[in-house]
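Undergrad: One predicted model, sequence on top.
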Amino acid sequence: MLGLLPAVPCLLLLSLPGPSSGLEDDGTMVLTTSGPIRGKRLLAGSNKVTAFLGIPYAEPPVGALRFQKPLPHHLWSQVLEASSFGNACPQPPLTGYPETETWRPKTPQSEDCLFLNVWVPHPRPLTLAPILVWIHGGGFFSGAASLDVYDGRFLAATENLIVVSMNYRLGAPGLLSPPHRAQRLAMRWLRDNAAAFGGDPAHFLLFGQGTGAASVGFHLLSPGSRPLFTRAMLLSGAPNAPWAWISLEEAKKRGRRLGQLLGCTDSDDMALVGCLQEKEPGEFPKHEFSVLRRKELLGLPFVPTPDGDFLPDTPPRLLQAKQSHHIPIGAGFTANEGSYMLILGAPGLNLENASSIGWEELLQVVRLVVPGAPEEAVRAVALRYSQEGKGQGEARYRWAMDQITGDYLFVCPVAEMASRLAEARSPVYTYYFTHRTSSLSTPEWTGVPHGSGFPYVFGTLASVGGANHTHTEAEVALSHMGMRHFAEFASSG
């Protein structure tokens with residue numbers, strides 16, 4: 001359910017076309033600043049939308065453009081058929097992640113992957129509609145806007161608004177040109193073309209989940225991005241999270257390690273980049289995680305850095321500066337943010353058997369969650385949470401693992417960001433999602449895991465769970481409520 005942000009024991013952890021734009025009366029063709037495009041009509045339950053899929057917003061980042069800042073796509077004069085999703089960006093296969101089929105792209109993978117998608121209600125609203133722009137998650141190394149669970153047609157049709165999603169560079173290709181640069185280019189294209197789709201740039205909601213939420217936060221903190229949107233919503237992620245960014249020095253070290261793994265050993269940065277530009281794109285996902293030097297529960301190899309340009313300083317310092325953004329901001333998380341991370345990052349534990357998880361296993365996980373933390377602090381955190389979990393019976397230590405992991409990686413960073421922005425006099429709204437989806441195929445102990453909430457907002461519950469997934473009438477009602485809340489937030493904040 002949705003509810004108020006709970007009190008969480010974070011301090012201990014932190015101490016560690018307009019109507020005239022249509023070229024055809026049926027509304028499937030519009031004229032954009034890049035050229036004419038033709039979409040296709042789709043059913044969305046009992047309603048209809050016009051979907052414009054696979055719109056290229058940047059030049060293909062291949063060859064000499066690999067690792068470089070994305071460039072706007074060249075103009076075209078012939079009608080672009082925007083009836084199918086574009087390529088997904090190259091990424092390693094997901095292994096060990098729960099609900100794997102939900103997160104595996106079905107589209108081909110290619111470096112030529114910088115596409116966006118727009119869903120417009122049919123018939124179009126009589127007045128300009130709010131625009132909801134989605135940034136997907138996936139650890140900055142996986143994911144795609146084409147996943148069924150991100151299908152924007154149902155939200156667009158149900159709430160009579162414009163829904164947009166985008167691909168952006170993943171993994172090593174984002175080393176020198178991080179994901180947020182491509183995202184910003186897509187946002188600029190959308191603002192320039194909002195009216196062509198019947199959208200209102202004055203009601204432009206940027207929202208994302210996980211690393212997508214962290215990306216939304218980076219845009220909030222970036223002076224060059226802030227004018228491009230008017231509202232923001234962060235679902236289970238924040239730019240100040242320990243996994244969301246690394247120093248420029250560490251990024252360079254990882255780039256050199258990647259070069260060594262791929263046979264590019266020149267110490268000169270330009271020569272290293274030139275060598276890496278000649279490698280096959282499929283080689284990068286094979287080696288990305290080998291650049292990590294310490295074992296941690298959630299280690300992401302290539303993430304944004306404070307470069308002095310897009311990000312003028314580190315996310316924590318930018319938040320501490322308490323600059324007012326003067327836009328409504330929403331943020332929240334689920335009840336069990338840590339459970340999936342335990343499955344991924346602590347594979348040696350028998351998590352199914354609660355009685356096999358004790359004090360020593362809990363200490364092991366805390367050390368993985370906060371690498372390098374003083375042993376005294378590790379034990380203090382473990383003791384605090386295990387005492388709070390006494391009501392869980394023999395599952396108290398597993399419960400403590402889940403809560404420590406979720407709090408440190410997701411809950412506390414989100415709560416801190418919300419608090420800092422509220423102190424800076426931005427209107428801030430929070431939520432806490434506590435409903436376990438009935439069709440989830442993961443064990444009951446995983447509870448309400450990371451990523452549970454957004455399918456309700458998209459109306460894509462049918463994409464969650466096993467082959468025979470079903471959902472209840474109450475879940476349908478909850479989904480409609482989530483859609484309504486997000487639509488109202490986009491409209492009025």
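TA: Everything's here; your move.

Undergrad: Which parts of the stretch 251-400 of the chain are helices?
TA: For the stretch 251-400 of the chain, the helices defined by DSSP state H, counting those that start in this stretch cover 269-277, 283-287, 315-320, 339-345, 359-369, 375-388, 396-406.

Undergrad: what's the most buried one of those?
TA: helix 396-406 (a mean of 26; mean count of other CB atoms under 10 Å). For the C-beta atoms, the positions are set from N, CA and C on the backbone; glycine is no exception.

Undergrad: Please enumerate residues in contact with that helix?
TA: Applying CB atoms under 8 Å, 6 or more residues apart in numbering, the set of residues contacting helix 396-406 from outside is 13, 297, 333, 336-339, 341-342, 346, 351, 354, 357-359, 361-362, 365-366, 369, 381-382, 385-386, 388-390, 392, 445, 447, 450.

Undergrad: swap the cut-off to 7 Å and go again
TA: With contact meaning CB atoms under 7 Å, 6 or more residues apart in numbering, helix 396-406 is reached by 297, 336-339, 341-342, 351, 354, 357-359, 361-362, 365-366, 369, 381-382, 385-386, 389-390, 392, 445.

Undergrad: repeat for stretch 478-493
TA: Outside stretch 478-493, the residues that reach it (CB under 7 Å, 6+ apart) are 130, 132, 155, 158-159, 161, 203, 205, 231, 233, 328, 330, 427, 435, 456-457, 459, 461.

Undergrad: pretty sure Pro179 contacts Phe141?
TA: No: with contact defined as CB atoms under 7 Å, Pro179 and Phe141 do not form a contacting pair (10.2 Å).

Undergrad: possible to save the helices of the stretch 251-400 of the chain as JSON lines with distance to Ala422?
TA: Converted to JSON lines, these look like this (distance: least, CB to CB, whole Å):
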{"stretch": "helix 269-277", "distance to Ala422": "41"}
{"stretch": "helix 283-287", "distance to Ala422": "39"}
{"stretch": "helix 315-320", "distance to Ala422": "11"}
{"stretch": "helix 339-345", "distance to Ala422": "27"}
{"stretch": "helix 359-369", "distance to Ala422": "27"}
{"stretch": "helix 375-388", "distance to Ala422": "26"}
{"stretch": "helix 396-406", "distance to Ala422": "22"}
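
Undergrad: Quick one: closest of those to Leu220.
TA: Of all these, helix 315-320 sits nearest to Leu220, with 9.0 Å by CB to CB.

Undergrad: And the closest one, what does it pack against?
TA: The contact analysis (3 or more CB pairs under 7 Å, 6 or more residues apart in numbering; DSSP states H and E) places helix 315-320 against helix 412-423.

Undergrad: what mean pLDDT would you report for the helix it packs on?
TA: Across helix 412-423, pLDDT averages out at 96.

Undergrad: got the buried residues for it?
TA: Buried residues in helix 412-423, counted by 16 or more other CB atoms under 10 Å: Cys412, Pro413, Val414, Ala415, Glu416, Met417, Ala418, Ser419, Arg420, Leu421.

Undergrad: immediately after that helix, which helix or strand?
TA: Once the chain leaves helix 412-423, the next helix or strand it forms, by DSSP states H and E, is strand 428-433.

Undergrad: counting contacts, what elements does that following strand pack onto?
TA: strand 329-334, helix 412-423.

Undergrad: can those go into JSON lines with extra columns for distance to Leu75?
TA: Converted to JSON lines, these look like this (distance: least, CB to CB, whole Å):
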{"stretch": "strand 329-334", "distance to Leu75": "35"}
{"stretch": "helix 412-423", "distance to Leu75": "39"}
